[in-house]
Every structure is written in structure tokens, then in C-alpha cells.
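Enquirer: I'll drop the sequence and a predicted model, then ask my questions.
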Amino acid sequence: MAVRSLVGLALGASLISVFARLGGGIYTKAADVGADLVGKIEQGFEEDDPRNPATIADNVGDNVGDCAGMAADVFETYAVSLIGAILVGALTLAGNPAAIVYPFVLGGISVLGAICGVLFVNFSKAKPAAALFGGVLTSAVVSAILFWPATHYLFPTGVTISGIVRTPTQLYFASFIGLVMTAVVVAITNYYTSMRYAPVQKIARASETGHATNIIAGLAVGQHATALPVGFIGIAILLSFHFAGLYGIAIAVMSMLSMAGIIISLDSFGPITDNAGGVAVMSNLPKEVRAVTDQLDAVGNTMKAVTKGYAIASAGLAALVLFGSYVEELKAHVTRNGEPFVFQFSLTEPKVIIGLFLGGLLPFIFTAFSMDAVGKAAGAVVREVRRQLKAKPGILTGQDTPEYGTCVDIVTKAALREMIVPALLPLVFVVAVAVIKPLGPVVLGGLLVGTIVTGLFVAIAMTSGGGAWDNAKKFIEEGNLGGKGSFAHQAAVTGDTVGDPYKDTAGPAINPMIKVVNIVAILIIPIFF
């Protein structure tokens, strides 16, 4: 009973994460897009120029969306993965308390690994990106070493899963796969979003021929970026299932999420350096200071993209575990009432196909509402900035002070108002399918899988493409392809403003949305079925 009550905790974490991730994303990107469209393109302002009325809203948004929103996102994924692993252990390995304790042990060990990783970064003399990635590697190595004795201590004689005895070494390999997946996702996302590699430079070169070619190149890079992560996720699922069945997948996910401590520190690096650059400009510090913060900000953009890629990849695995929990919970509920379990989740069953279509539709509708929300709020910011510059021409010469609070008020109200509909969508979809009797549990099962599949692709494409767009702009601003103020730079700014809601609002918000769908499905089984 205590284990099942944890599902409610998971739902609470997921709902708050949707609100924080989506609301924070609308806030930060409405301010960012509005500030860039008028400031950079129409007035030729520098980034964070104090004459831009939307500057303060933009800097506040970095904290609301990228710090608070992303922390809520990763915490939610961590909590849901932990609870999912506990639930699978309780349902498939009833009577074995070690199966429930093991996920907690993995999380505790990785706290020590995260501390070691942070110490490595503090004492490292390497360049920022190398030091940060070195911290992740240090954390993973420490965790991998300590997982071995912990696994053998908890499961000295192994464990029987689905009638097959699994050795402690096999369970350790399942946990090791999760650590390897973290490194793989970090490396792949870094390749697609760092200025040092071909994808970002390809978008930058496309900017030389115009705004449209920049957009086309950015969309292509985002879609290319889905192949490798999804391929490795498939390999991880196959191997972890081979070692310990569904429980092995749950352990791999928990192992991957146990790295959340060091990953959150990577994410925070981005908004901190971004705001440091803003403070430098608004304080009229020498341009050399801004040059340093710009380089750090480019690394921060990559770190933010890496964090989102990590959260989304782990969410895909976690959602698969939750789907397995849904099937097991449904089976337990039906057989508890003395009835045979007759449901078939087979692709030859039309109801499953219907569910797959409905589930596949949900991420697209969800992101459409999210993008609309940013577009509306950004439009309001643009109109307000134009109004202020027209009403007070002295702002341009520094004689008048902009009304920063008005823009902050606009994006705050817009974020709270516009996130309501997309946040309710996953709840409405799941409850509607459960309530309509001709659909029922089989269609709902298909809906869960459909949401996982399309959600994973859409989220990775959006976050990687948006990060690449942002760093393509930074690449040009460093003096490449004409530098600031050039035609290529203007095109890159357009790409960046399109990529902003992609990478910081719609894309990452799919992550908690997938979990909300799966958790609500588990919770409503006793109510509707």
C-alpha cells in the first residue's frame, strides 16, 4: 500500500514540473524573443543593452525558465524514475525487499559521485567545457566503482525474475548501462549543439544566404539529432532487458537519473553566465568582459542543451518502465477481482492502433499550444517595447529610463494564462480515453506508447535544433562570417528567435508531459477499470 501511494507523489512532481517547465519557458522565451526582435533587428542594440525595455524581463526569465524550470524537470524525472523502479520491483519481485531498496542505494551512491565531480571541476585547470564534462565523467566513474559492491551486498545470491535467476553481476551490468547512457547522450548532444562541430557551423554558413536558409538548416540539424540518441536508447533497452527483464530497464533508468546532481550543475552554468554577460553590459563594463562572458555563454548554451537531452532520453526510458507498470498494475487489478486478464496489447488489435494514433498526436498538439503561447506573449512584448521607444525617444540616447517593470508584468501574466490549456491536455486525453467505454484500457495502453515514441523524437529534435540555432548565432558573433551586424548575423538572430521556444519551452516540456500521461493512467485504473 505504501508503495502504491508513491504514485501520487510522482503525479504531483510531474504536474508541478509541467507548470514550472512550461510556464517558465513561456516567460523566458517571450521576453527573450521580444527583446531580440526589436532590440537587435530593428534598433541594432547589443545583447542586454539597458536601453531595451525587455532586458530585465529577459534576464529574470533565464532564472525562471532555465534554473527553476529545468531543476523541476530533472527532479521530476528523478522522482518518477525512482518510484517507477520501486513499483516494478514491488509488482514483479514481490517479497524481495532488496528490489525496492536497490534504487535508493543507487541514488545515494551517486550523490557521493556528484560531490567528487563538483570537486574535480573546482580544482581543474582545463577550459570550461572540458572541466564540466570531466566532472560528469568523474561522477560516473565513482558511481560505477561503488555500484559493484553495493549490488553484490544487496543480492548475494541473485534474484529470480520471470522464472529466471539473475546474478548480481547481471544486475550490476543493468545499472552500468544507465551510466554509459548518460555519457553517450551528453556526447551526442554536445556534438549537435557545440560551436566546435559541423552541425552548428553548417547553420552559421546557411545564414550567409538568408533567413530562410538558416531556418531550413536548423530544422534539418534538429531532425538529424534524433537518430543517434534514439538508436542508443534502443540498444540500452535491449541490453538492460536481457540482463534483468523489465526490472533491469528500471534499474538502468534509475542509474542514469542518479547522475542528476552533477547534471543540474551543468544546466545552471548556462543562465548564470548569460546573466553575468547581461550585468556586464548594463554596468558599462569594458567590452573585454563581455567577450569572456560570451564565450562562457556559448559553453552554457551547449550545457543547457546537454541537460535537456539527458532529461528527455531518460524520460523515454522512464516512460517505458511506467508503461510496464501500467500493464502489471492493470493485470493485478483485474485478477484481484477474480476475473481473468484478457487484454491483449498486440499490434493486430485495432484498439491498440487507435491508441497509438491518439498518443502520437498528443505531443504535436501540446507543442503547438506551447509555441502559440510564446508567439502571443512575445508579440505583446514587441508591441510594448516599440510603444516605449516611440513614446520616450530619449531612451535611445540614455536620457530616459525604460519601464522595465511593464515588460516583466506582461510576460508574467502571459506565462500564467497561456500554460493552462497545454498543461491540461495530457489529463484530458487520458481521462477521456478511460471514460469512453468502447476505448478503455487497451486503447489507453496504445496511447501511452504512442506518446512515448513521438514525444521522444519531437523533444530531441526541438531541443537540439534550438541549441544549435543559438550557438550558430554565437559563432557568427565571435567574428566569423562577417560578425555582428552582418547580413548573416541578422539571419542567425532570426533562427535563434525561432529556436528559443523550441529548446526552452515546447521541447523540454514534452518530458514531464509524457510522465503525466503514464502516471495518470496508472492512478485511474481502480476508478474506471
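Expert: Yep, that arrived.

Enquirer: C-alpha from now on. contacts and neighbour counts both.
Expert: Fine.

Enquirer: please name the nearest non-neighbouring residue to residue 158.
Expert: Nearest-residue entry for residue 158: residue 167, 4.2 Å, with adjacent residues in sequence omitted and distances by C-alpha to C-alpha, 6 or more residues apart in numbering.

Enquirer: for that neighbour, what are its contacts?
Expert: The neighbours of residue 167, taking C-alpha atoms under 8 Å, 6 or more residues apart in numbering as the test, are 155, 157-159.

Enquirer: of all these, which comes closest to residue 293?
Expert: When these are compared for distance to residue 293 (C-alpha to C-alpha), residue 155 wins out at 49.5 Å.

Enquirer: and that closest one, how many neighbours?
Expert: Other residues near residue 155 come to 19 when the count uses other C-alpha atoms under 10 Å.

Enquirer: pull out the buried members of the contacts of residue 167.
Expert: Restricting the contacts of residue 167 to buried positions leaves 155, 158-159, with burial counted as 16 or more other C-alpha atoms under 10 Å.

Enquirer: may I see the residues you listed organised as CSV, with secondary structure added?
Expert: What follows is the buried ones among the contacts of residue 167, written out as CSV (DSSP: H, G, I helix; E, B strand; the rest coil):
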residue, secondary structure
155, coil
158, coil
159, strand
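
Enquirer: which one of the residues you listed is nearest to residue 518?
Expert: Out of the buried ones among the contacts of residue 167, the one with the shortest distance to residue 518 is residue 159. That distance is 27.4 Å, counting by C-alpha to C-alpha.

Enquirer: ok, the closest one to residue 99 distance?
Expert: Going from residue 159 to residue 99 by C-alpha to C-alpha, to the nearest Å gives 9 Å.

Enquirer: just residue 497 next, same as before
Expert: As for residue 497, its distance to residue 99 is 47 Å (criterion: C-alpha to C-alpha).

Enquirer: what's the answer for residue 430, then?
Expert: Distance from residue 430 to residue 99, by C-alpha to C-alpha: 30 Å.

Enquirer: can you check residue 72 too?
Expert: 27 Å.

Enquirer: how about the contacts of residue 167 in JSON lines, adding pLDDT and distance to residue 270?
Expert: Shown next, in JSON lines, are the contacts of residue 167 (pLDDT from 0 to 100; distance: C-alpha to C-alpha, whole Å):
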{"residue": "155", "pLDDT": "93", "distance to residue 270": "41"}
{"residue": "157", "pLDDT": "89", "distance to residue 270": "46"}
{"residue": "158", "pLDDT": "87", "distance to residue 270": "43"}
{"residue": "159", "pLDDT": "89", "distance to residue 270": "43"}
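
Enquirer: and of the residues you listed, the nearest to residue 234?
Expert: Out of the contacts of residue 167, the member with the shortest distance to residue 234 (by C-alpha to C-alpha) is residue 159, at 24.7 Å.

Enquirer: what bridges to the closest one?
Expert: In this entry, residue 159 is beta-bridged to residue 166, by DSSP bridges.

Enquirer: what residues are up against it?
Expert: Residues near residue 159 by C-alpha under 8 Å, 6+ apart: 165-168.

Enquirer: hmm, which of the residues you listed are the buried ones?
Expert: Of all the contacts of residue 159 considered here, the ones buried according to neighbour count by 16+ other C-alpha under 10 Å are 166-168.

Enquirer: SS state for the residue lying closest to residue 28 once chain neighbours are set aside?
Expert: Spatial nearest neighbour of residue 28, excluding adjacent residues (C-alpha to C-alpha, 6+ apart): residue 61 at 3.7 Å. The three-state label for residue 61, taken from three-state DSSP, comes out as helix.

Enquirer: wait, isn't residue 61 in contact with residue 27?
Expert: Yes: between residue 61 and residue 27 a contact is recorded at 5.8 Å, counting by C-alpha atoms under 8 Å.

Enquirer: picking that back up, between the contacts of residue 159, which is nearest residue 141?
Expert: Lowest distance from residue 141 to those (C-alpha to C-alpha) belongs to residue 168, with 19.1 Å.

Enquirer: grab the nearest non-local neighbour of residue 139.
Expert: Residue nearest to residue 139 in three dimensions, not counting chain neighbours: residue 113, with 4.2 Å by C-alpha to C-alpha, 6+ apart.

Enquirer: what sits against that neighbour?
Expert: If a contact means C-alpha under 8 Å, 6+ apart, then residue 113 has 138-143, 259 as its contacts.

Enquirer: cool, residue 515 as well?
Expert: Counting by C-alpha under 8 Å, 6+ apart, residue 515 makes contact with 14, 80, 315, 318-319, 322.

Enquirer: run the last query once more with 7 Å
Expert: Counting by C-alpha atoms under 7 Å, 6 or more residues apart in numbering, residue 515 touches 14, 319.

Enquirer: any idea which element residue 473 lies in?
Expert: Secondary structure assignment for residue 473, by DSSP states H and E: helix 440-477.

Enquirer: from the contact counts, what lies against that helix?
Expert: Taking 3 or more C-alpha pairs under 7 Å, 6 or more residues apart in numbering; DSSP states H and E as the contact definition, the neighbouring helices and strands of helix 440-477 are helix 168-193, helix 198-206, helix 211-224, helix 287-336, helix 350-391, helix 420-435, helix 487-501, helix 507-523.

Enquirer: quick one, helices of the stretch 1-150 of the chain?
Expert: Counting by DSSP state H, counting those that start in this stretch, the stretch 1-150 of the chain has these helices, from start to end: 2-36, 55-61, 70-92, 97-123, 128-154.

Enquirer: show me the one of those that comes nearest residue 213.
Expert: Proximity to residue 213, assessed across the helices of the stretch 1-150 of the chain by C-alpha to C-alpha, is greatest for helix 2-36 (19.5 Å).

Enquirer: what about the closest one, average pLDDT?
Expert: Helix 2-36 carries an average pLDDT of 85.

Enquirer: please begin residue numbering at 26 from this point
Expert: Shifting the count to begin at 26 puts that one at helix 27-61.

Enquirer: for that helix, buried residues please.
Expert: Residues of helix 27-61 classed as buried: 29, 31-33, 35-61 (neighbour count, 16+ other C-alpha under 10 Å).

Enquirer: where does pLDDT dip in this structure?
Expert: For the chain, residues meeting the criterion pLDDT under 70 lie at 26, 29.

Enquirer: distance from the centroid: which residue in it tops it?
Expert: Relative to the average C-alpha location in the chain, and by C-alpha atoms, centre = their mean, no residue lies farther out than residue 424, which sits at 42.4 Å.

Enquirer: sec struct for that one, please.
Expert: Per three-state DSSP, the local secondary structure of residue 424 is coil.

Enquirer: same question for the one 3 residues further on.
Expert: Following three-state DSSP, we place residue 427 in the coil state.

Enquirer: and the one 3 residues further on, by the same measure?
Expert: State at residue 430, reduced to three classes by three-state DSSP: helix.

Enquirer: how many neighbours does it have?
Expert: Tallying neighbours of residue 430 according to other C-alpha under 10 Å, which is how burial is gauged here, yields 12.

Enquirer: how about the one 5 residues further on?
Expert: Residue 435 is surrounded by 19 other residues when neighbours are defined as other C-alpha under 10 Å.

Enquirer: if I look at it, how far off is residue 309?
Expert: As judged by C-alpha to C-alpha, residue 435 and residue 309 stand 27 Å apart.

Enquirer: if we can go back for a sec, closest to residue 450 out of the contacts of residue 184?
Expert: residue 191 (40.8 Å).

Enquirer: would you mind measuring from that closest one to residue 438?
Expert: Distance, residue 191 to residue 438, using C-alpha to C-alpha: 54 Å.

Enquirer: now swap in residue 174 and tell me
Expert: In this structure, residue 174 and residue 438 are separated by 52 Å, where distance is defined by C-alpha to C-alpha.

Enquirer: mind listing what's buried along stretch 386-401?
Expert: So, applying 16+ other C-alpha under 10 Å, buried residues of stretch 386-401: 386-389, 391-392, 394-396, 398-401.
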